[in-house]
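Q: My questions concern the predicted model and sequence given below.
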Amino acid sequence: MGSSRFIPGRVKALVVLASLAAACGGESTEADSEPAKGVSEIVLIAEKTDRVAGVIPKDMRGKAKALAEKGAGTLRVFAVGRTASEVGFIDLRITRAGTDQEEHSPPLRAIGVDDRLTDLSEAIAKAQVGSIGFDLYAALQAAEDISKGGRADVTLATAVLTATVAPLDMSVLTAGDPEAAVQEVMKTDISEVDLSGVDLHPVLLTPGGSGQEPLGVASEVWREKFIVGLGQALGARVSEPVRDRERAAPWADPSAVPPIVQIEPEPTPTPDPPRVGRIDAAYFRPDEAVLIDPAAVESKAAQIAGQYLEAPAGSVMTVTGFCAKFGDNPAGARALSKRRAEVIRDLLVDAGVPPEFVRADGKGWDVKGTPGKPAQDRAQRVVVVKITAPETT
């Protein structure tokens, strides 16, 4: 295989303003990764902390191999902890051993790329990036610097949630929604970074290390929306993030960051308790579903209908007739209860309740309309109207 052509870069120390970690999205694989059409240089800006795996992400390895298949291109790498270090770059034009002729054999070309990526990994391990923190400002500034020479294709590999953004703290930012967090970050010096010349590809690394719990869904969703929103706010064209699940020991001499604190999911809204209206069976003729005082019952039904119209849209009204235990005809008692419920249902519909949201039913002696009272008590002879708000998801 030809010379590895690894060219070391210079170390660039940048002001510490932030620390970050990873996001979610699709899964990272080498086979699915390919640089955009016309791209000849790809850039990797890699978080180098004790919370992420010390390997070049699969997505970037796949892009490097895809570019090598085209016969030319370079991969430039920055490592970032408390400071940013320009590690160097590799030439992705693979030549035959001892010659300057291009290697056309796909297997040999893939081996050549792997050898050069190994050299690059060793250089990342040696890069000095400070001892504490992951500076998001430094990472984004490196992307801007690269774009000053022309539009830049940049992969940002990070675990996003490890960051602090001076004078803010990530735990404070994650207490709100990611859109609000982006607005707060844009009040800091990060807002001065110009990524209008950058195609940004976030790779969300899986955090690990001592004391680190797997990220929950809320944390994954938050960090993805945050890094995409921040990139867009700085003018970048941001692609859908991919998640890299590789687990390995961190790079040598990493910058230290604390475990990521989980973002608690929003509590499930508790539906409003049902509103209850009661119409005593004394309004009906004995053993009949005929009203004694229709005007009084219509007034009561209108009040209940008014409650429904103030309830959330889609609320359901359940009208249930009950009966006291009397005689020896439970089926007849149940049928009478239902007929009385239907009378009240019709009045409610007349008062403005949509008929498709009203249900009428009758219960027998086995179900009490007034819990705590004997089954034979006249208090069981009642029509109960419940208004239940729809469940929210």
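A: Noted; the coordinates are in hand. What you are looking at is a predicted structure, and each value in this text was computed from that prediction instead of being measured.
Q: From here on, just use CA atoms for contacts and neighbour counts.
A: OK.
Q: Look at the residue with the largest distance to the centre of the chain and give its secondary structure.
A: Each residue of the chain has a distance to the centre, and by Cα atoms, centre = their mean the biggest one is for residue 327: 61.0 Å. Look at residue 327: counting by DSSP: H, G, I helix; E, B strand; the rest coil, its state is coil.
Q: What's the per-residue pLDDT of it here?
A: What the model reports for residue 327 is a pLDDT of 76.
Q: Return the distance of it relative to residue 370.
A: 19 Å (Cα to Cα, to the nearest Å).
Q: tell me the domain boundaries of this protein?
A: 6-244, 275-388 (automatic domain parsing).
Q: Quick one: mean pLDDT for the first one?
A: Just to be clear, that refers to domain 6-244. For domain 6-244, the per-residue pLDDT averages 85.
Q: does residue 361 sit in a helix, a strand or a coil?
A: strand.
Q: Now do it against residue 192, distance only.
A: From residue 361 to residue 192 the distance is 66 Å (Cα to Cα).
Q: So between these two, which is more surrounded?
A: With neighbours defined as other Cα atoms under 10 Å, residue 361 and residue 192 compare such that residue 361 has more, 19 against 12.
Q: what residues are up against residue 238?
A: With contacts defined as Cα atoms under 8 Å, 6 or more residues apart in numbering, residue 238 is in contact with 199, 200, 201, 202, 228, 231, 232.
Q: Report the contact partners of residue 345.
A: 319, 358, 359, 360.
Q: of those residues, closest to residue 333?
A: Nearest to residue 333 among these, counting by Cα to Cα, is residue 360 at 15.4 Å.
Q: excluding its backbone neighbours, what's nearest that closest one?
A: Excluding the flanking residues, the one nearest residue 360 by Cα to Cα, 6 or more residues apart in numbering is residue 319, at 4.7 Å.
Q: For the one you found, grab phi and psi.
A: phi -110, psi 120 (degrees, to the nearest 10).
Q: Pull the number of nearby residues for it.
A: Neighbours around residue 319, by other Cα under 10 Å: 26.
Q: Next one: it from residue 49, what distance?
A: 63 Å.
Q: those helices in the protein, which residues are they?
A: 58-69, 106-126, 136-147, 170-173, 178-185, 217-233, 294-310, 330-350 (DSSP state H).
Q: and the residue most central in space within the chain, how far is that from residue 385?
A: The chain has residue 221 as the residue nearest its centroid, 1.9 Å off, counting by Cα atoms, centre = their mean. From residue 221 across to residue 385, the span is 42 Å (Cα to Cα).
Q: what does residue 250 give?
A: Where residue 385 is concerned, residue 250 sits at a distance of 64 Å (Cα to Cα).
Q: Neighbour count for the two, which is higher?
A: When residue 250 and residue 385 are compared for neighbours, residue 385 comes out ahead with 27 against 19, by other Cα under 10 Å.
Q: Report the beta-bridge partners for the more buried one.
A: Counting by DSSP bridges, residue 385 forms beta bridges with residue 277, residue 319.
Q: Show me which residues of stretch 320-338 are buried.
A: By neighbour count on 16 or more other Cα atoms under 10 Å, the buried set for stretch 320-338 is 320-325, 330, 333-338.
Q: can you give me the offset of it from its chain's centre?
A: 53 Å (Cα atoms, centre = their mean, to the nearest Å).
Q: ok, and what's touching that stretch?
A: 287-289, 339-341, 360-365, 367-369, 375-385.
Q: ok, back up a step: turn the domains of the chain into a markdown table, including distance to residue 255.
A: Converted to a markdown table, those look like this (distance: least, Cα to Cα, whole Å):
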| stretch | distance to residue 255 |
| --- | --- |
| domain 6-244 | 4 |
| domain 275-388 | 52 |
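Q: Highest mean neighbour count out of those domains?
A: domain 6-244 (a mean of 20; mean count of other Cα atoms under 10 Å).
Q: My understanding was that residue 91 contacts residue 75; is that so?
A: Yes. Using Cα atoms under 8 Å as the test, residue 91 is close enough to residue 75 to be in contact (6.8 Å).
Q: so who does residue 361 touch?
A: Residue 361 neighbours (Cα under 8 Å, 6+ apart): 318, 319, 320, 321, 337, 338, 341, 342.
Q: Next, format those residues as JSON lines and append pLDDT and distance to residue 279.
A: Listed next are the contacts of residue 361 as JSON lines, based on pLDDT from 0 to 100; distance: Cα to Cα, whole Å:
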{"residue": "318", "pLDDT": "93", "distance to residue 279": "13"}
{"residue": "319", "pLDDT": "93", "distance to residue 279": "10"}
{"residue": "320", "pLDDT": "93", "distance to residue 279": "10"}
{"residue": "321", "pLDDT": "90", "distance to residue 279": "9"}
{"residue": "337", "pLDDT": "90", "distance to residue 279": "12"}
{"residue": "338", "pLDDT": "93", "distance to residue 279": "14"}
{"residue": "341", "pLDDT": "92", "distance to residue 279": "10"}
{"residue": "342", "pLDDT": "94", "distance to residue 279": "13"}
